[in-house]
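**Q** Below is the sequence, then the predicted model.
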Number of protein chains: 4
Amino acid sequence: MKAAIFVEPGRIELGDKPVPTVGALDALVRVTTTTICGTDVHILKGEYPVARGLTIGHEPVGVIEQLGAEVKGFAEGQRVIAGAITPSGWSNACLCGFCSQDGAGTPHGWRSMGGWRFGNTIDGCQAEYVLVPDAMANLAAVPDGLTDEQVLMCPDIMSTGFSGAERAGIKIGDVVAVFAQGPIGLCATAGARLSGASVVIGVDRLASRLDMASRMGADHVIDASKVDPVDEIMRLTGGRGVDAAIEALGTQSTFEAALRVLRPGGTLSSLGVYSSDLTIPMSAFAAGLGDHQIVTTLCPGGKERMRRLMSVVAAGRVDVAALVTHRFKLDDIEAAYELFSHQRDGVLKVAVTP
Amino acid sequence: MKAAIFVEPGRIELGDKPVPTVGALDALVRVTTTTICGTDVHILKGEYPVARGLTIGHEPVGVIEQLGAEVKGFAEGQRVIAGAITPSGWSNACLCGFCSQDGAGTPHGWRSMGGWRFGNTIDGCQAEYVLVPDAMANLAAVPDGLTDEQVLMCPDIMSTGFSGAERAGIKIGDVVAVFAQGPIGLCATAGARLSGASVVIGVDRLASRLDMASRMGADHVIDASKVDPVDEIMRLTGGRGVDAAIEALGTQSTFEAALRVLRPGGTLSSLGVYSSDLTIPMSAFAAGLGDHQIVTTLCPGGKERMRRLMSVVAAGRVDVAALVTHRFKLDDIEAAYELFSHQRDGVLKVAVTP
Amino acid sequence: MKAAIFVEPGRIELGDKPVPTVGALDALVRVTTTTICGTDVHILKGEYPVARGLTIGHEPVGVIEQLGAEVKGFAEGQRVIAGAITPSGWSNACLCGFCSQDGAGTPHGWRSMGGWRFGNTIDGCQAEYVLVPDAMANLAAVPDGLTDEQVLMCPDIMSTGFSGAERAGIKIGDVVAVFAQGPIGLCATAGARLSGASVVIGVDRLASRLDMASRMGADHVIDASKVDPVDEIMRLTGGRGVDAAIEALGTQSTFEAALRVLRPGGTLSSLGVYSSDLTIPMSAFAAGLGDHQIVTTLCPGGKERMRRLMSVVAAGRVDVAALVTHRFKLDDIEAAYELFSHQRDGVLKVAVTP
Amino acid sequence: MKAAIFVEPGRIELGDKPVPTVGALDALVRVTTTTICGTDVHILKGEYPVARGLTIGHEPVGVIEQLGAEVKGFAEGQRVIAGAITPSGWSNACLCGFCSQDGAGTPHGWRSMGGWRFGNTIDGCQAEYVLVPDAMANLAAVPDGLTDEQVLMCPDIMSTGFSGAERAGIKIGDVVAVFAQGPIGLCATAGARLSGASVVIGVDRLASRLDMASRMGADHVIDASKVDPVDEIMRLTGGRGVDAAIEALGTQSTFEAALRVLRPGGTLSSLGVYSSDLTIPMSAFAAGLGDHQIVTTLCPGGKERMRRLMSVVAAGRVDVAALVTHRFKLDDIEAAYELFSHQRDGVLKVAVTP
C-alpha cells in the first residue's frame, strides 16, 4: 500500500509498505480521508524525532476493513474515525482519566504523551490503510449524514482546540482571549464560544485567520501585527483582564501575553507545543500570589471523545469543515506538505484522500 | 474446583465446577482469601436475582495461575487482588470516568451497574479459582508485606466506603455524619477522617459497632437506639448541621435522617442499597431550594483504584484488617453465610480461605 | 409611595406606604420596571407564608435615588438592577460560596434560603421605591444600551434557569432534557444550549411554550400532552438516556420523569419549588447504585452574578426580553396578578412599570 | 499605643501611635498575641515596598475592644482572630470566591492581592491594638479551650500551607512532595497528610526542619543538602513521580524540582513568593503536552476560613502550636526581628505578646 514515510529530517516521501497484519485487539481501517498536522511538520523538519521509516499522520477517517479476533461491537464496512490519541483504556493513567498520558506497558502505568501513538510510535494514517490499536477503545462510528471533511477535524484539531476551552473551566459570562488563530486556535475560539463565554477575543497576525476567527465565534479580533494585544485586551476589559486566556501557538510571546491579560485568579490554558524553555515574568504573575492557574493539555482521544465531538458537528454547532481550504490525493502528499509547511495560499487544513 | 453456588433463593451451597478456561484477555486467579458481602446475603435471600448455578462472591485475593494470550504486564505467580467492579476500560462509560456503569457490549456503551460482574453476571470468587475478565484493567499487584486480610477490604468494602467520603467532596474542616457503622459505614467513617473532616460523627444502634467507629476515626458516636440522632447532631453542631452526611445502610429512616442533618448547601452521599422507593420529605429539603446535593455511588473498581487503596493500607493510615472478626475455610462457607447473614456473634466481616 | 402589598391569602393589593428610610449600608432605588414571579403567586395563594403588610416582588430594575452613608462605588442616578437574592457578603455561608443560604445574623452564619429577602422577609420591589440591603454587594450597574426589559429576567428567571444548567455540570457534547418550559425552564433551555450541550430537549404541554423553547435553543421539543416524554427521550437517545435532566416545574411527575431519563451517572438538576414530599422510585434509581446525582439550586444573586448575566444579554447570546409578553402599569398590578396567576392569554412574563 | 513601624528599608522599630478610631464597619481589637512572618522580613529588607510609617504585622489574636456602629453578631470582650487577608465580602472578586484578590473600590472589583491589607495597605497588628476592617466578614471567635498560640498560625501560616494542599486537589492515596519545610511548608505537609495523601515527602536542607516535617505528617524526608531530591523522589516512586508537588519557598530551584517530580497530569501547587522571573524548563514540561497544572494561591482569609482552621486545631488533627519556638514581648520586637530574619537558633515562629 502507499504511505507517507519519514525518510530523514527534511524528507517525508510517498512510499510502499505491506498492508499491516491485524492483531487480536486491532482494527484495520481503509483510510478515506486524512490530513496533515502542524506536528507532522515538526517531524518533517526533524524538530520532533521519530523513527526513520515510520508512516506519518494521526487524523484518520475511513472504513473498517478487518477486525481483530477479540474485537467486539464493530462491523467490517462501518465508517469510523479514530482519535490522534489512541488510549489503551487499561493503563493506570487511563483508569484515572489521563488517557493522553497512557503508560500501557510501563511498570507504573504512566508515560508522558504515551497516548499519542499514530505517526509517533506506530505507523500513522497518511496511507491507504492504518492499523488502529485497542480498537474497542478507539473506533468511533461516524453518524449518518456527516461527510469525511465534516469529521476530519475531530481526531486532533477540534479535540485539542476544544480542550483548551474545557480545561480553562469556562463558565457562562466569562471573557476569554485566544492567542493565535491557526486551526487549533480557531477551534479553541469555537470551543470558548460554545462553553458560554460572553466575550471571545481572537488574536492573530493574519487578516484571513482573523476573518475565520469571527466566523468561528470571536466577538472581537485583534491583529497583533498592528496593535499590542495586551494593551488592547486590557482596554476592552476596562482594566480587569480576562477570566481565561488560551495559548495556541507555542511561543514565549503568546504565552507571556496570555499571562499578562489574566485577571487575578484567571486561568491560562496552554495548547501550544513549545520548543524552548518558557519564562514566567513576575510582573505578570503577582510574585506567585495571584491565584493564577496554568493548565496544559494534550489532545484527548478515545471513542467517547470522538463520539461527543461528532455530535457537536452533527448538531450544527460549529462548522469545522470550513477549515479545509485545500484538497490533495495521497499520491500528491509531498505537494501537500510543501504547501502546508510553508503556510502558502492561506492554507488552514488540507484534506488528503487515498 | 469447589465453589459457593447460588442454587435457589435461600440456598447458597458449596458445589463443584470445572476450573474455568482462560480467554485471551482473562486471568485465572487461584483464590487465597475472599469474604462475604451484604450483597451476597441479598442474593441468598432472593432479594437480588442472579442466575441459578452462578458462583457467588466479588472480593478476591489470590495468585495469578494463568494469563490469557493477550495479557501483558503481569506474571503468573504474582499476588493480586481485583475489584468487585471489573471495568472493561473500553466502554463509553469507562472512557468518561464511569467505570462502574460500564456498558461494554451495549450499542451506546452504558449499562446501569454494568461494571459489577463477579457473582452477578459471571462466576464470582467464593471458589478455588476465579476468572478475572479484562485482566489488564483489573489485576492489581499486592505490595510486599501486606497480608491477605489487610487487602481483603479493598475490592469492595473500603472502595465503597471511601467513595462515600470522596463523592461527598469533603474538605478540610468539614463536619460529617455517617449513618450506620457496618463494614461499609466504618470505612466511610475512616474515609471521612482521612479526607480532612474535623468532626466525624458515627451513628449506629450497636455498641460494638460504635466502638469500632471510634477506632476507625469517629470523633463522636451516637447510639440511635437511645437518642434521636437528628436531634443529637443538630445539638452537636449548634443548630448548623453537617457539611456532608453519608448514608451506609439503605433504609428510608437513615436516608431521611441524613437529609435532615444537612446544613443548607450540604451533600448527602448515599452508599446504601435500597429495596423500596425513597421519600424525600419537603420539611428536610427546603422545598427544593436548599442548594442540597444527593449523590449515589457504586463501588469504584479497576486496578488503579485497587493500587491506591492498598497504598493507603500500606501507609498505615487505616487498619481495615480489624474488620475481619471471623475466619472460615471455603469448605465451611455455608456456616459462614449462616453466621454473617444473621449478624451473629458481633460479626463484621469473615475471611474465607479455600 | 404605591406598593403591592400582601393583605391576606388571596389578596395582594396596591396600597400606600412611606418611602423607606435609608440605612448606612442600604441604597434606595426608584423602580422603573419590575415583574411578577411564580413564587409571588404562591404567596398570593397563601401557599408560601409571608407577613401581612409586606410589599411583594423581588425583580427590580431602577435608578439609584439615595445611597447609605457607608456605601461606596455607586452614584445616585445610576441605572441598576439587584438580584432576587441579596446576599450580605459577610455571613459564613456567603464566605464559602453559598450566598443564597445566607445566615447573616444567625450564630453560625447559615439560614435555609436566607439570601432571599425581597418580598419575603423585607419589603420587595413591586412598588415605586425599594430599599436594597447590603448595597455594595447587590447593586449592579446596567450596561449602556440595554433596556429595562432586556435585563428584567436577570434578577431571578435567568439566574435561576441558567443555574439549572450550571449546576448540572453540562459539558460540550452533552444531551440535556429540560422538563417544563415556563420562564425558568426556558432559561434553563437557553443555559443548557449556551453551556455546550449538543442536544437540548424541551418538554412541556403547551404548544406556545414549546415554540418558545425552540427559539431559546431546544433542538427537540416534546409535547407531554401527546406522547410520553420518558419513552420519547429514550427513543431519541437510542436507549442511552441524557447526561443531565433539568426539572423546572416542581411536581412529582416531572421530577420522576427527569430521573427516569438519566443515563447511569447522570445528573438531575432540580429548580422547581415542591409543595409536597417527593418519591424517588427505585426502578429509576438503580437501588441507589447508579452513580446518579440530584442537585438543587436556589437562584444565585449578588452584583457579580447580575453583571455576568447582563454581559450575556449584552453579547446577544440569548433574547430573554422575548419572555415579556404583557405590560402593565403598577397601578394595574392587581390585573397583572389576575392574568399571570391564571396563565391567561399565553402569558410568560409581565413587565410592570411604576 | 506601641506599634512596630516600618521606618525605612532595614528598619522596623517600636514606636508610638494613637489608638485607631473605629469606623462604622470596623472592630478595634486589643492584640494579645501576634507573630512575625517571612513577608514582614521582605518588608524590613525593602524587598516588598510599603509606606513609611505603616504598622507591620498581619497575624492577630486578641480581644474585641470596640465595635463599629454597623457591626452586628459580635460582642466586646470576645476573643477573636482575624485572617492575614481581610476580604470586604462585597467586591466582585469576593462574590465569585476570590477573596484574596479583593478589588473593593476598583471599577471592576478585582485587585491583585487586594485582600491583603494588614501591614500592607493599612496598619497591621504588631501593636497593642489593630483595627479590623469589614469586621463582620473577618472576626472569628476563638473556641473555648484554645490558647493564643494554638490559633496563632491560623491567620496566615496554616491557611496558606493548607491551601497548598487544597489547591493541589489531593485525593486519598496521592503521593505528594513538599519542597521546603519552613512554617508554611510544614503546614503544607500537614495539610497534604490531612487531605488523604498516602505518601507525603518533605524536602529541606535543615535537619531540624526535617524532624519537624516528620512530626507534622511527612512519611519520608529528604535532606536536599545531601542528596538530589528529584532523583530521590523518582526513586521512591519507582519512576512514576508524584501526583502533586507543593512549592513553599519561592525559588527557581524548588519550583523547577517540583515540576521535575510530577507525574504526567500532576499538579504543581505553588505557595512561594518569587522575587525574580521563573523558568519552566521544557525537559520538565513535556513541551507543554503533559497535562500538567501549575496553580498559585494567596492565603485565604475571612471568618469562615478562620473558623474551619480553628476547628481543625480544636479537633487535635495537627499541632501547629509546636511551630512556636520563641517568645517575645512586643517591647522586644526588634530583637524578635533580629532573630527571625536571620533564622537564628532554629527559630520557626515567634510569639509576640503586647
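**A** Received it, and whenever you're ready, just let me know what you need.
**Q** in its sheet, what does the lengthiest strand in chain A sit against?
**A** Identified as the longest strand of chain A according to DSSP state E is strand A:262-270. For strand A:262-270, the paired strands and their directions (DSSP bridges) read strand A:242-247 (parallel), strand A:293-296 (parallel).
**Q** Look up the pLDDT of A:Arg308 for me, please.
**A** As predicted, A:Arg308 sits at a pLDDT of 98.
**Q** Now do the helix or strand encompassing A:Ala177: everything it contacts.
**A** Using DSSP states H and E, A:Ala177 sits in strand A:175-179. With contact meaning Cβ atoms under 8 Å, 6 or more residues apart in numbering or on different chains, strand A:175-179 is reached by A:164-165, A:168, A:170, A:185, A:188-189, A:192, A:197-203, A:213, A:218, A:229, A:233, A:237, A:240, A:242-249, A:254, A:257-258, A:261, C:311. C-betas here are computed from N, CA, C, even on glycine.
**Q** element containing A:Gly202, please.
**A** Assessed by DSSP H and E, A:Gly202 sits inside strand A:199-204.
**Q** Who are the packing partners of that strand?
**A** When contacts are defined as 3 or more Cβ pairs under 8 Å, 6 or more residues apart in numbering or on different chains; DSSP states H and E, strand A:199-204 packs onto strand A:175-179, helix A:183-194, helix A:207-216, strand A:220-223, helix A:229-236.
**Q** how far does the second one sit from the chain's center?
**A** Same thing as helix A:183-194. 11 Å (Cα atoms, centre = their mean, to the nearest Å).
**Q** That one close to chain D?
**A** No: applying Cβ under 8 Å from any Cβ of the partner chain, one finds helix A:183-194 separated from chain D by no less than 12.1 Å.
**Q** Same question for stretch A:117-136.
**A** No: Stretch A:117-136 stays clear of chain D (Cβ under 8 Å from any Cβ), getting no nearer than 11.3 Å.
**Q** Ok, stretch A:33-44 next?
**A** No: judged by Cβ under 8 Å from any Cβ, stretch A:33-44 stays clear of chain D, getting no closer than 9.6 Å.
**Q** tell me the most buried of the strands paired with strand A:262-270?
**A** strand A:242-247 (a mean of 29; mean count of other Cβ atoms under 10 Å in any protein chain shown).
**Q** Domain boundaries for chain A, per the record?
**A** A:2-156+A:299-353, A:158-296 (automatic domain parsing).
**Q** Give me the sheet partners of the strand holding A:Gly202 and which way each runs.
**A** Short version: by DSSP bridges, strand A:199-204 pairs with strand A:175-179 (parallel), strand A:220-223 (parallel).
**Q** Pull out the buried residues from the first one.
**A** Right, strand A:175-179. Buried residues in strand A:175-179, counted by 16 or more other Cβ atoms under 10 Å in any protein chain shown: A:Val175, A:Val176, A:Ala177, A:Val178, A:Phe179.
**Q** contacting residues around the nearest residue to the last one once chain neighbours are set aside?
**A** Translated: A:Phe179. Nearest residue to A:Phe179 in three dimensions, chain neighbours excluded: A:Thr254, at 4.2 Å (Cβ to Cβ, 6 or more residues apart in numbering or on different chains). Taking Cβ under 8 Å, 6+ apart as the criterion, A:Thr254 is in contact with A:Phe179, A:Ala180, A:Val203, A:Glu247, A:Ala248, A:Gly272.
**Q** who are the neighbours in contact with the third one?
**A** If I follow you right, that is A:Val203. A:Val203 touches A:Ala177, A:Val178, A:Phe179, A:Ala180, A:Gln181, A:Val221, A:Ile222, A:Ala224, A:Pro229, A:Ile233, A:Thr254, A:Ala257, counting by Cβ under 8 Å, 6+ apart.
**Q** Residues in a beta bridge with it, which ones?
**A** A:Phe179, A:Ile222.
**Q** Relative to chain D, how far out is it?
**A** Noted for A:Val203: a distance of 18 Å to chain D, by Cβ to the nearest Cβ, to the nearest Å.
**Q** ditto for the first one
**A** Separation of A:Phe179 from chain D (Cβ to the nearest Cβ): 13 Å.
**Q** Next: A:Arg344.
**A** 26 Å.
**Q** Equivalent analysis for A:Ala82, please.
**A** For A:Ala82, the distance to chain D - Cβ to the nearest Cβ - is 19 Å.
**Q** how many neighbours does that residue have?
**A** 30 (other Cβ atoms under 10 Å in any protein chain shown).
**Q** Tell me who's in contact with it.
**A** A:Ala82 touches A:Val29, A:Pro60, A:Phe118, A:Val130, A:Val132, A:Asn138, A:Leu139, A:Ala140, A:Pro155, A:Gly301, A:Lys303, A:Met306, counting by Cβ under 8 Å, 6+ apart.
**Q** same thing with A:Asp204?
**A** Taking Cβ under 8 Å, 6+ apart, one finds A:Ala180, A:Gln181, A:Gly182, A:Gly185, A:Leu210, A:Ala213, A:Val221, A:Asp223, A:Ala224 in contact with A:Asp204.
**Q** where's the closest residue in space to the first one that isn't next to it in sequence, which helix or strand?
**A** Read it as A:Ala180. With Cβ to Cβ, 6+ apart as the criterion, A:Ala180 has its nearest non-adjacent residue at 3.6 Å, and that residue is A:Leu249. Per DSSP H and E: A:Leu249 is located in neither a helix nor a strand.
**Q** Next up, the contacts around A:Phe6.
**A** Residues near A:Phe6 by Cβ under 8 Å, 6+ apart: A:Ile12, A:Ile43, A:Leu44, A:Val50, A:Ala51, A:Arg52, A:Gly53, A:Leu54, A:Thr55, A:Ile56.
**Q** by how many degrees do the strand holding A:Gly202 and helix A:183-194 diverge?
**A** 170 degrees (axes from the mean of the first three to the mean of the last three Cα atoms, to 10 degrees).
**Q** for the stretch 251-354 of chain A, what spans make up the strands?
**A** A:262-270, A:278-280, A:293-296, A:324-329, A:349-353 (DSSP state E, counting those that start in this stretch).
**Q** nope, the stretch 51-200 of chain A is what I was after
**A** Under DSSP E, counting those that start in this stretch, the stretch 51-200 of chain A gives strands at A:61-67, A:79-81, A:129-132, A:140-141, A:175-179, A:199-204.
**Q** and among these, the most buried is which?
**A** Taking mean count of other Cβ under 10 Å, strand A:175-179 is the most buried of the strands of the stretch 51-200 of chain A, at a mean of 33.
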